[in-house]
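J.: structure of the sequence below:
(4 chains)
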Protein chains: 2
Amino acid sequence: MTVSTTGGRRRPPTIHDVAREAGVSRGTVSRVLNGGHYVSPAAQEAVNAAIRRTGYVVNRHARSLITGRSDSVGFLLTEPQERFFEDPNFNVLLRGCTQALAAHDIPLLLMLAGTEDERRRITRYITAGHVDGVLLVSSHSGDPVAERLREAGVPLVACGKPIGLGSKVGYVAADDRDGARDMVRHLLSLGRRRVGTVTGPLDTPGGVERLAGYKEVLTEAGIEIDERLVVSGDYSRAGGEAGAERLLARAPDVDAVFVASDLMAQGVLTALHRAGRRVPQDVAVGGFDDSPAAVAARPELTTIRQPWDRISSEMVRVLLAQIGGEDTAAVILPTELVKREST
Amino acid sequence: MTVSTTGGRRRPPTIHDVAREAGVSRGTVSRVLNGGHYVSPAAQEAVNAAIRRTGYVVNRHARSLITGRSDSVGFLLTEPQERFFEDPNFNVLLRGCTQALAAHDIPLLLMLAGTEDERRRITRYITAGHVDGVLLVSSHSGDPVAERLREAGVPLVACGKPIGLGSKVGYVAADDRDGARDMVRHLLSLGRRRVGTVTGPLDTPGGVERLAGYKEVLTEAGIEIDERLVVSGDYSRAGGEAGAERLLARAPDVDAVFVASDLMAQGVLTALHRAGRRVPQDVAVGGFDDSPAAVAARPELTTIRQPWDRISSEMVRVLLAQIGGEDTAAVILPTELVKREST
DNA sequence: TTCTCTACTGTGAACGCTCACAGAAGCATG
DNA sequence: CATGCTTCTGTGAGCGTTCACAGTAGAGAA
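T.: Residues are numbered from 1 along each chain as shown, chains lettered A, B, ... in the order given. Down below sits the predicted model:
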């Protein structure tokens, strides 16, 4: 009867109102709300109709108070903030996770913790039970947040294999090593022999694995690793630019570069352009990620596609399973070589 | 005494535990928690010590259940998803809002509602009271979500002036018109006389205002508006590319372009490059936003900086004020011309 | 002394939900 | 006919807070 009219927030209907409207008890309404087991078809229908008529929505606070669950999960970023909005991958991942969670009607709480101070507060917040689990994007080794959360028994799924955390923490990652191998093989197949690399940060699993793949393929091809061809970067555009300059200085005869991220590859292109090297004629450049940056670059980047949509949906799946009591799991997903203009 | 030991989630301490530990009643603890009025210094100190000893954290669900507030706000995006992760501005805004809210210890719930179906669900979720207010990023006219939320009396602050919503909804925006005026004046000061524009979507306030600024300055300079020089875009890279092609076809003598977003400007640069026009020698290009895309572009873009940090902090300030019962307000912030290589 | 006022404290009752339990009905089995 | 089992339903208790209210103690005024 009392359908909520527009304007002015009136008191929202409670489970009592629905029960009265449907002519059943609170308990029955609650059972319908939670799967409808042990409910007669007649009652089921009456309750559903009453819910529709009253516009009832369950009060999550009341529910959480008793169940102890919050029905929400956190998306935690422990990188310094600049990284976040500079790296297109984060966005794709964030969007994917939000959507995957939305399918379960679970809201995502975005948490940024770039400073130690913020990290402490966020850890406190999370361990207090305000989210049921955490999707973690950070993966720098020795990340204290992951360690603390794991100790507190908070369900946790990382994006990328966390270094130095034992096997107790679940993660989802692209096959970095295999992707790197594909790219370097591709560069060799073009006839390049002085293949350099700008690595990612070597305290991240991606950085380590991609470098390992690079070295493996060269060694397998009978080419000795020349350390002058290996420079380290930090996944940022500026880092790529600086890396390429160092590379050119140390090994002017470089004829191909495998860059561990598209964003760095943009910087590499800038530096090569400034040095008067043509891409791909003089130097072939391969990126990693297939982020929007790859298409934005001139020339467009040949790169390794990470299956972000699957990564995000798997992260959510594994996290929900863990919240549901299952054991932790690791998921490795295959990558794909995308050829464009830069090689 | 029972300090929580590591591992295995044990029952977290409640306000009762703190009260017992401090030798006072629940009420006194609650008062300390909520500002400490009408609490003796001695009790105050005893409670604080007990909180520290027990590691107590207030249970927000219990609190929300009785206060009716959720102590969280939503960040709502009603754009189709591609826009979200393609546009660097969103990221900057999102980060700024998250940080500004974190200072108040308020978590941000990220909500994506690209489809009509999702919009319905999210609206329902919000009007059910699961967030205290909404930061809205959409601004397409006739956005049904904003209208519905406003009707439901949900505190709401939009980024950019919402079209056709009356003055009842608060918003924070950069001074689009003034920014456009600055840019066009700058282009004229370089001696350009055939100044074209690629507009934003004309159902967005930004699109409308920036076009208005463009026309004003030309008219004031005694230059008649040539409609062949005005083409409309959609803020996307591809839209910019297509726009520039149309522009070149309709007005081949164009010697400057004011593009309503940096991302579109990237597309414009691509099209100009393909057409063999040099930038800035043959055609000067001015963007808008000063997003990361401006620095990524070759040549780097002259653009109009939007004060995103201030926009986000103001949005949060105005929203919290509104939640606190204040009236809606509109805030307009000044922009700034940033000169780089493209003009 | 008595009264009033202020500063402070404790207590019961909610908030809206789920859970455990008790009970009713229907049906098959002993 | 009693007994057990299954399916369904209603009820009381309680989750951890805040809020309103009642009460106490002490200080100052009449």
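
J.: where along chain A do the strands fall?
T.: Taking DSSP state E as the criterion, chain A carries its strands at A:73-77, A:108-112, A:133-137, A:156-159, A:170-174, A:195-199, A:230-232, A:256-259, A:284-286, A:303-305, A:330-333, A:336-338.

J.: got the contact list for the first one?
T.: When you say that, I think you mean strand A:73-77. Applying Cβ atoms under 8 Å, 6 or more residues apart in numbering or on different chains, the external contacts of strand A:73-77 come out as A:84, A:90, A:94, A:97-98, A:101, A:106, A:108-114, A:122, A:126, A:131-138, A:145, A:319, A:323, B:110. From N, CA and C alone the C-beta is placed, and that goes for glycine too.

J.: list the buried residues of that strand.
T.: Residues of strand A:73-77 classed as buried: A:73, A:74, A:75, A:76, A:77 (neighbour count, 16 or more other Cβ atoms under 10 Å in any protein chain shown).

J.: can you check stretch A:48-62 too?
T.: Those buried within stretch A:48-62 under the rule 16+ other Cβ under 10 Å are A:50, A:51, A:53, A:54, A:55, A:56, A:58, A:59, A:60, A:61, A:62.

J.: when you check chain B, which of the residues you listed turn up near it?
T.: A:59, A:60, A:61, A:62 (Cβ under 8 Å from any Cβ of the partner chain).

J.: so residue A:259 is in contact with residue A:283, correct?
T.: No. Counting by Cβ atoms under 8 Å, residue A:259 stays clear of residue A:283, with 11.1 Å between them.

J.: these two: who's more crowded?
T.: Neighbours were tallied for residue A:259 and for residue A:283 using other Cβ atoms under 10 Å in any protein chain shown; the higher tally belongs to residue A:259 (34 against 24).

J.: circling back to that earlier point, dump the ones next to chain B among the buried residues of stretch A:48-62 to CSV, plus distance to DNA strand C.
T.: CSV is the format used below for those (distance: Cβ to the nearest atom of the strand, whole Å):
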residue, distance to DNA strand C
A:59, 4
A:60, 8
A:61, 7
A:62, 3
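
J.: thinking again about what came up before, most widely separated two among the buried residues of stretch A:48-62?
T.: For the buried residues of stretch A:48-62, with distances taken as Cβ to Cβ, the pair at the greatest spread is A:53 and A:61 (23.5 Å).

J.: where's the residue of the stretch 101-250 of chain A found nearest DNA strand C relative to DNA strand D, distance?
T.: Distances between the stretch 101-250 of chain A and DNA strand C by Cβ to the nearest atom of the strand are smallest at residue A:105, namely 12.9 Å. From residue A:105 across to DNA strand D, the span is 21 Å (Cβ to the nearest atom of the strand, to the nearest Å).

J.: how about that residue, what does it touch?
T.: Residues near residue A:105 by Cβ under 8 Å, 6+ apart: A:71, B:121.

J.: residues from chain A in reach of DNA strand D?
T.: With Cβ under 7 Å from any atom of the strand as the criterion, chain A comes near DNA strand D at residues A:24-28, A:31, A:38-40, A:42-43, A:62, A:65-66.

J.: who in the stretch 51-200 of chain A is up against DNA strand C?
T.: Checking the stretch 51-200 of chain A against DNA strand C by Cβ under 7 Å from any atom of the strand, the hits are A:56, A:58, A:59, A:62, A:63, A:65, A:66, A:67.

J.: which of the residues you listed fall in helices?
T.: Within these, residues falling in helices by DSSP state H are A:62, A:63, A:65, A:66, A:67.

J.: in PyMOL, how would I select the buried members of the residues you listed?
T.: Buried members of those, defined by 16+ other Cβ under 10 Å, are picked up in PyMOL with:
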select buried, chain A and resi 62+63+65
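
J.: grab the nearest non-local neighbour of residue A:53.
T.: Distance criterion Cβ to Cβ, 6 or more residues apart in numbering or on different chains; nearest residue to residue A:53, sequence neighbours excluded, is residue A:21 at 6.3 Å.

J.: ok, back up a step: could you export the ones in helices among the residues of the stretch 51-200 of chain A next to DNA strand C as JSON lines, including pLDDT?
T.: Converted to JSON lines, these look like this (pLDDT from 0 to 100):
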{"residue": "A:62", "pLDDT": "94"}
{"residue": "A:63", "pLDDT": "93"}
{"residue": "A:65", "pLDDT": "93"}
{"residue": "A:66", "pLDDT": "93"}
{"residue": "A:67", "pLDDT": "92"}
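
J.: low-scoring stretches of the stretch 101-250 of chain A, by residue?
T.: The stretch 101-250 of chain A contains residues with pLDDT under 70 at A:139-142, A:164-167.

J.: can I get the CA coordinates of stretch A:195-212 in CSV?
T.: Included here for stretch A:195-212 are C-alpha records, laid out as CSV according to Å, rounded to 0.1, in the frame of the first residue of the first chain:
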residue,chain,number,x,y,z
VAL,A,195,68.9,-7.3,-28.8
GLY,A,196,68.8,-5.1,-25.7
THR,A,197,66.2,-4.9,-23.0
VAL,A,198,64.9,-2.3,-20.6
THR,A,199,63.7,-4.3,-17.6
GLY,A,200,61.0,-3.6,-15.1
PRO,A,201,61.8,-3.0,-11.5
LEU,A,202,63.7,-6.1,-10.3
ASP,A,203,61.9,-6.2,-7.0
THR,A,204,58.7,-7.1,-8.9
PRO,A,205,57.9,-10.5,-10.2
GLY,A,206,57.1,-9.1,-13.7
GLY,A,207,60.4,-7.4,-13.9
VAL,A,208,62.3,-10.6,-12.8
GLU,A,209,60.4,-13.0,-15.0
ARG,A,210,60.5,-10.9,-18.2
LEU,A,211,64.2,-10.5,-17.8
ALA,A,212,64.6,-14.3,-17.3
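
J.: chain center to it, what's the gap?
T.: On the basis of Cα atoms, centre = their mean, to the nearest Å, stretch A:195-212 sits 18 Å off its chain's mean C-alpha point.

J.: try stretch A:212-220
T.: On Cα atoms, centre = their mean, the centre of stretch A:212-220 falls 27 Å from the chain's centre.

J.: same thing with stretch A:312-331?
T.: 14 Å.

J.: check which residues of that stretch are buried.
T.: Neighbour-count burial for stretch A:312-331 [16+ other Cβ under 10 Å]: A:312-323, A:328, A:331.

J.: and for stretch A:122-130?
T.: Neighbour-count burial for stretch A:122-130 [16+ other Cβ under 10 Å]: A:122, A:123, A:125, A:126, A:127, A:128, A:129, A:130.

J.: my read: the first one touches residue A:110, true?
T.: In this case it means residue A:122. No. Residue A:122 is beyond contact range of residue A:110, at 11.0 Å (criterion: Cβ under 8 Å).

J.: how about the helices of the stretch 151-300 of chain A, start to end?
T.: Counting by DSSP state H, counting those that start in this stretch, the stretch 151-300 of chain A has helices at residues A:176-189, A:205-220, A:237-250, A:262-274, A:292-296.

J.: so which elements touch the shortest one?
T.: It stands for helix A:292-296. Helices and strands touching helix A:292-296, by 3 or more Cβ pairs under 8 Å, 6 or more residues apart in numbering or on different chains; DSSP states H and E, are helix A:262-274, helix B:292-296.

J.: which residues are contacting that helix?
T.: For helix A:292-296, the external contacting residues (Cβ under 8 Å, 6+ apart) are A:88, A:262-263, A:265-266, A:287, A:300-301, A:303, A:338, A:340, B:85-86, B:237, B:266, B:293, B:296.

J.: and it, how far from the chain's centre?
T.: Distance, stretch centre to chain centre, for helix A:292-296: 18 Å (Cα atoms, centre = their mean).

J.: for the record, mean pLDDT for it?
T.: Across helix A:292-296, pLDDT averages out at 83.

J.: give the buried residues for that helix.
T.: Result for helix A:292-296 [16+ other Cβ under 10 Å]: buried residues A:292, A:293, A:294, A:296.

J.: and of these, the nearest to residue B:201?
T.: Distance to residue B:201 across these (Cβ to Cβ) is lowest for residue A:292, with 20.0 Å.

J.: ok, the closest one to DNA strand C distance?
T.: From residue A:292 to DNA strand C the distance is 42 Å (Cβ to the nearest atom of the strand).

J.: alright, calling it a day.
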